[in-house]
Every structure is written in C-alpha cells, then in structure tokens.
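K.L.:
here's a sequence, model it:
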Amino acid sequence: MTLESAKLKLNCDMGESFGHWTMGEDETIIPYVHMANIACGFHASDPDTMAKTIQLAVKHDVSIGAHPSYQDLLGFGRRSIAHTAEQISHLISYQIGAIQSLASFYDTQVDYVKPHGALYNDMMEDLEVFEAIVQAVMPTGLPLMVLAKKDNTAYLDIADEYNVPLLFEAFADRAYKDDGSLVPRNKPNAVHQNAEDIFYQAMQLANFGTVTTIKGHTLELQADTLCVHGDNEESIAVVKRIYTALTQPIV
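P.N.:
I've put the predicted structure just below:
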C-alpha cells in the first residue's frame, strides 16, 4: 500500500509482544488499518515478533513503519531517559536498521518512522531531541511521523533543513490541550474510554480537520494520519467503524 492512496490513513502500534508475553490484538486489527508502527526491540518486541508482524503487514497490504523508542523494556518506553543528542541519533539509527534488515529479508520495505512513547513526547517538547531524530532519519529518505499541533512551524523548519518529509498525526482516543499537544496520560480523562467519544473525535478530525480540546475549544489540526489503538474488544470494534467510515464510497 502506498502512502498516497487514502485521505486520512489509520495507523496503529503493533508488534509489541515480547517472547511469550502477548500485547495487543494485531491479527484482528490489521485488516482495518493502513499503517503498522512496528516496535523495534527497545520498548517491546524481539526479532521473531518483528518478523511475524512484518509478514502480517505484507499479507494485508499495510505500510510498515519503524517504531523506535528509548531502551526501556521494563517501562514499555514510557519513561524519559537522559541522552545526548548524538546518543538519540544512534538510538534511532540502530532500530531503523534492525527493522529495515528484517523487512528486506521478507522482500519488503519500511515506509516511515514514528517514535514511541516518551521519546515521541520528548521529540515534540524539545527541539534538540527532534533535530537529533531528524538527523538519524535523514539518511534513510523516510518520512518522520510527528504530532499535528496548532503551530508546526518549528518542526517544519528543522525538517526542511535536513530534507526530511513529515507526516502529521492526530489521535482518535486522546484528549487535547488548546495548543494541540496531548493531555499527559497521568492526568484525568487523558485517554477516551467511551467508544462513541473515540468515533466522534475520529470523524471530526476526518471530516472537518478539527478537534475539541479538553477545555471545550475547537482547534484546527491538519493531519495526514490518525492513530488508533486495538488492545481490547471495544477499541477493536470502534476501529472497524472508523475504517469503514473512512473507506466507504461517498454516495
């Protein structure tokens, strides 16, 4: 599947099992997404899990994304870890290389890069971290997925300097602050639990390019892709509804 073929693509974190420990419902959810963000071994996954997920993506014609993180299996990559800018570049380059090699082994390719968890959040809060990631992505020629915010100018300026394309991402199940950043997970109501709320936010983003912030304000967001999660039966059901709504022909 090419990254140019749909108006608002659904992306989902996948391949996050590790050994005998299972995380997510990859086989159930993958028919209903366009892009699979595959863990690269530092916050979750292992070579066999990565390979299995790559094969699953190929089977369902789903684009493969590298999903690198801080080296934090115990914390699932959700803890910020102090690094120099050079170390962050090395961290990203190492993980992209791992998944690119496995993708090549299965005669396919990686289409984009999306950092995971705390590294993603740090990238959006600290331009030095963002630039270090951009520098690591640059030699691959791949797009980098980032959060669509109210003002993306600073990120675009850095990405343009290194000729790295950006994919802007919105979230169906996360609450937003007025500047377009996400409400931190440790705050109340940061994650939508109600299926109708998730579906409504997805449709608002897809049809109007807006989201209602946690303070009730309407915020314009220009997004290329929408992140969905499929880690329980209710969320899987709503992902199917979103996918159907986005892909059904307009009469």
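
K.L.:
which residues in the protein form helices?
P.N.:
Ranges of helices in the chain, per DSSP state H, are 26-29, 47-59, 85-105, 117-125, 127-137, 153-161, 195-208, 233-247.

K.L.:
out of these, which gets the lowest mean score?
P.N.:
Here the helices of the chain differ in mean pLDDT, and the lowest is helix 233-247 at a mean of 87.

K.L.:
returning to that earlier point: got CSV for the helices of the chain, with distance to residue 68 and mean neighbour count too?
P.N.:
From N, CA and C alone the C-beta is placed, and that goes for glycine too. Below are the helices of the chain laid out as CSV (distance: least, CB to CB, whole Å; neighbours: other CB atoms under 10 Å):
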stretch, distance to residue 68, mean neighbour count
helix 26-29, 18, 18
helix 47-59, 12, 19
helix 85-105, 4, 18
helix 117-125, 7, 20
helix 127-137, 9, 21
helix 153-161, 17, 14
helix 195-208, 25, 17
helix 233-247, 24, 17
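
K.L.:
got a markdown table for those helices, with distance to residue 67 too?
P.N.:
Formatted as a markdown table, these follow (distance: least, CB to CB, whole Å):
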| stretch | distance to residue 67 |
| --- | --- |
| helix 26-29 | 13 |
| helix 47-59 | 10 |
| helix 85-105 | 8 |
| helix 117-125 | 9 |
| helix 127-137 | 13 |
| helix 153-161 | 19 |
| helix 195-208 | 21 |
| helix 233-247 | 18 |
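
K.L.:
any idea which of those helices gets closest to residue 184?
P.N.:
helix 117-125 (8.1 Å; CB to CB).

K.L.:
distance from the chain centre to the closest one, please.
P.N.:
Distance of helix 117-125 from the chain centroid (CA atoms, centre = their mean, to the nearest Å) equals 12 Å.

K.L.:
which outside residues touch it?
P.N.:
The set of residues external to helix 117-125 that reach it, using CB atoms under 8 Å, 6 or more residues apart in numbering, is 43, 68-70, 72, 76-81, 88, 114-115, 129-130, 133, 146-147, 149, 181-182.

K.L.:
now the angle from that helix to helix 153-161?
P.N.:
For helix 117-125 against helix 153-161, the angle between stretch directions is 100 degrees (axes from the mean of the first three to the mean of the last three CA atoms, to 10 degrees).

K.L.:
for helix 117-125, C-alpha coordinates in CSV please.
P.N.:
The C-alpha coordinates for helix 117-125 follow below in CSV (Å, rounded to 0.1, in the frame of the first residue of the first chain):
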residue,chain,number,x,y,z
GLY,A,117,6.0,6.8,23.9
ALA,A,118,8.3,9.1,25.9
LEU,A,119,10.7,9.6,23.0
TYR,A,120,7.8,10.8,20.9
ASN,A,121,6.6,13.2,23.7
ASP,A,122,10.2,14.4,24.2
MET,A,123,10.6,15.0,20.5
MET,A,124,7.5,17.2,20.5
GLU,A,125,8.6,19.1,23.6
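
K.L.:
narrow the contacts of helix 117-125 to just the buried residues.
P.N.:
Taking 16 or more other CB atoms under 10 Å as the criterion, what is buried in the contacts of helix 117-125 is 43, 68-70, 72, 76-78, 80-81, 88, 114-115, 129-130, 133, 146-147, 149, 181-182.
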